[in-house]
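predicted model and sequence below, questions to follow.
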Amino acid sequence: MHGTTHTQDLRRYVERSVGLSALSLRIIAVMKRLPEAVLSDFLNDSRFRLALDDHVPGQGRAVWIACPKPGNGSRCVILKASLADCPKEFAHYVIAHELAHAHLRNGGWGDLEDPERAADALAARWGFKRPPRTIAKTAVDVSDETVPSVNRKFAP
Ligand SMILES: [Zn+2]
């Protein structure tokens with residue numbers, strides 16, 4: 001998929017990765033709003049992966065990642081299925097935040113050295129600001145002041 005990334009290509013990519021569901025529509029809605037260069041980078045990088053979390057309590061989870069190459073590690077965004085059910089604004093924010101981590105390869109951004117703050121700032125730049133806590137609380141149990149992350153906040 002070189003050149004312009006069309007909506008059809010994006011839809012196929014997302015559905016191939018996570019299936020057709022309410023969550024895939026939310027992922028597509030977020031990815032359509034990413035800058036073209038960022039989206040192309042994801043879709044043309046064989047080391048980028050998008051997947052549903054298959055965590056089973058007591059058994060753990062399987063995460064398949066592409067073999068990293070020197071100077072270009074694997075990037076994997078694992079999303080909880082519950083992101084299909086929580087408020088849309090919050091789900092969009094979490095998806096964008098996780099994609100920002102992947103884009104930044106879990107590093108900082110500009111003056112922001114903390115990966116969580118960097119991912120939040122980049123997600124906001126893309127148009128997905130962290131929602132007010134009142135919205136977040138309806139989706140997850142926010143028990144501290146930390147930035148929500150898929151792994152912590154949606155862990156069973
Ligand atoms: Zn994060």
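Happy to help now that I have it. Residues are numbered from 1 along each chain as shown.

which secondary structure elements does the top helix by length along the chain sit against?
As assigned by DSSP state H, the longest helix anywhere in the chain is helix 88-103. Here helix 88-103 touches helix 22-31, helix 36-43, strand 75-79, helix 115-125, helix 133-139, going by 3 or more Cβ pairs under 8 Å, 6 or more residues apart in numbering; DSSP states H and E. In short, each C-beta sits where N, CA and C put it, glycine included.

let's see it at 10 Å
helix 22-31, helix 36-43, strand 48-52, strand 75-79, helix 115-125, helix 133-139, helix 150-153 (3 or more Cβ pairs under 10 Å, 6 or more residues apart in numbering; DSSP states H and E).

any idea of the mean pLDDT for it?
Regarding helix 88-103, the rounded mean pLDDT is 95.

again, but for stretch 59-71
73.

ok but residue 63 is inside a helix, no?
No. Going by DSSP: H, G, I helix; E, B strand; the rest coil, the assignment for residue 63 is coil, not a helix.

and for it, the neighbour number?
13 (other Cβ atoms under 10 Å).

ok, it to the ion distance?
For residue 63, the distance to the ion equals 16 Å [Cβ to the ion, to the nearest Å].

which among the helices and strands packed on helix 88-103 is found nearest to the ion?
The ion lies closest to helix 115-125 among the helices and strands packed on helix 88-103, at 4.8 Å (Cβ to the ion).

got the angle between that closest one and helix 36-43?
130 degrees (axes from the mean of the first three to the mean of the last three Cα atoms, to 10 degrees).

let's verify the residue of the chain positioned farthest from its centre: helix, strand, or coil?
The outermost residue of the chain relative to its centre, with distances by Cα atoms, centre = their mean, is residue 58 at 24.7 Å. What three-state DSSP gives for residue 58 is coil.

CSV for the helices and strands packed on helix 88-103, including mean neighbour count and distance to the ion?
Formatted as CSV, these follow (neighbours: other Cβ atoms under 10 Å; distance: least, Cβ to the ion, whole Å):
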stretch, mean neighbour count, distance to the ion
helix 22-31, 19, 15
helix 36-43, 16, 17
strand 48-52, 19, 16
strand 75-79, 21, 11
helix 115-125, 19, 5
helix 133-139, 14, 13
helix 150-153, 16, 8
